[in-house]
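Peer 1: A predicted structure for the sequence below; I have some questions about it.
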Amino acid sequence: MMTTIAEMPAGFADKVIAAQSTFRTVMDAMARPGSVQLIRAVSGVPAPMMRGAAAIALTLFDQDTPVWLDEKLATSGDVIKWIKFHTSAPVIADAAGSSFAVIADPTSLPEFDRFALGSPEYPDRSTTIVIQVASLSEGPAYRLSGPGIDGVTVLRAAIGVPDLADRLAENACRFPRGIDLLLVSGESIVALPRTTQFVAQEG
């Protein structure tokens with residue numbers, strides 16, 4: 001049964017303070033790729049959206065940021081209604097026109113060239129993809145290097161995109177164009193900007 005507006009899960013308890021805190025957390029994550037950051041701000045989220053993804057939506061989505069949802073989220077009327085009610089962001093069908101994309105099923109993540117990649121003149125006009133993953137503390141190990149990382153850092157995560165390292169390697173070749181990723185598990189987030197080198201660790 002669809003949720004009515006009166007039954008709509010709440011967003012931030014204190015919108016201004018929570019949005020500022022979440023924005024700082026996302027910026028810290030982008031500045032320190034591979035580091036796990038915690039968001040504790042959202043009081044109610046419609047399934048199958050995770051709390052961390054919802055906090056990002058409440059902070060970064062607005063009427064000028066078209067959003068694309070994967071099938072798992074797009075078939076949830078409650079998620080679409082919640083996004084529109086709390087953020088006024090248009091939910092669109094064409095991934096190439098999106099400022100943000102939210103993925104609840106990593107195994108069905110479209111190829112990056114389905115999204116906006118920006119241009120050499122305007123590399124910021126690209127899609128930021130928010131991927132909900134099983135874990136950001138357990139799973140295969142990945143070696144990360146690049147701007148914001150002192151040498152090499154190791155991320156253990158159950159991401160669920162089998163060829164993610166290959167996709168990110170191809171993505172890096174497009175620089176300054178390209179996709180930025182935000183991985184979310186519950187209230188934890190990890191940023192993988194387009195400048196980050198991401199390699200599966202052997203052994």
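Peer 2: Alright, I've got the coordinates.

Peer 1: gap between Leu117 and Thr107?
Peer 2: Look at Leu117 and Thr107: by CB to CB, to the nearest Å, they are 22 Å apart. (C-beta placed from N, C-alpha, C; glycine too.)

Peer 1: between these two, tell me which one has more neighbours.
Peer 2: Taking other CB atoms under 10 Å, Leu117 and Thr107 do not tie; Leu117 has more neighbours (18 against 8).

Peer 1: can you pull the contacts of the more buried one?
Peer 2: 126-127, 174, 177-179 (CB atoms under 8 Å, 6 or more residues apart in numbering).

Peer 1: again, only this time at 10 Å
Peer 2: 96, 123, 125-127, 171, 174, 177-179, 194 (CB atoms under 10 Å, 6 or more residues apart in numbering).

Peer 1: that one pairs with what?
Peer 2: Ser126 (DSSP bridges).

Peer 1: can you list contacts of the top helix by length along the chain?
Peer 2: The longest helix of the chain (DSSP state H) is helix 15-31. Contacts to helix 15-31, defined as CB under 10 Å, 6+ apart, come from residues 11-12, 14, 35-43, 52, 54-60, 86, 128, 147-148, 180, 182-183, 187-193, 195-196.

Peer 1: what about those residues, which are in strands?
Peer 2: Counting by DSSP state E, the contacts of helix 15-31 place 37-38, 128, 180, 182-183, 188-192 in strands.

Peer 1: would you mark the buried spots in the longest helix of the chain?
Peer 2: Of all the residues in helix 15-31, those buried under the rule 16 or more other CB atoms under 10 Å are 18-19, 21-22, 25-26, 29-30.

Peer 1: looking at those, which is nearest Pro48?
Peer 2: Proximity of the buried residues of helix 15-31 to Pro48 (CB to CB) peaks at Thr22, which lies at 20.1 Å.

Peer 1: circling back: which of the ones in strands among the contacts of helix 15-31 are buried? Put it as a PyMOL command.
Peer 2: In PyMOL, this line selects whichever of the ones in strands among the contacts of helix 15-31 come out buried by 16+ other CB under 10 Å:
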select buried, resi 37+128+180+182+183+188+189+190+191+192
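
Peer 1: give the rounded mean pLDDT of the longest helix of the chain.
Peer 2: Averaged across helix 15-31, the pLDDT comes to 88.

Peer 1: and what of stretch 39-52?
Peer 2: So the average pLDDT for stretch 39-52 ends up being 86.
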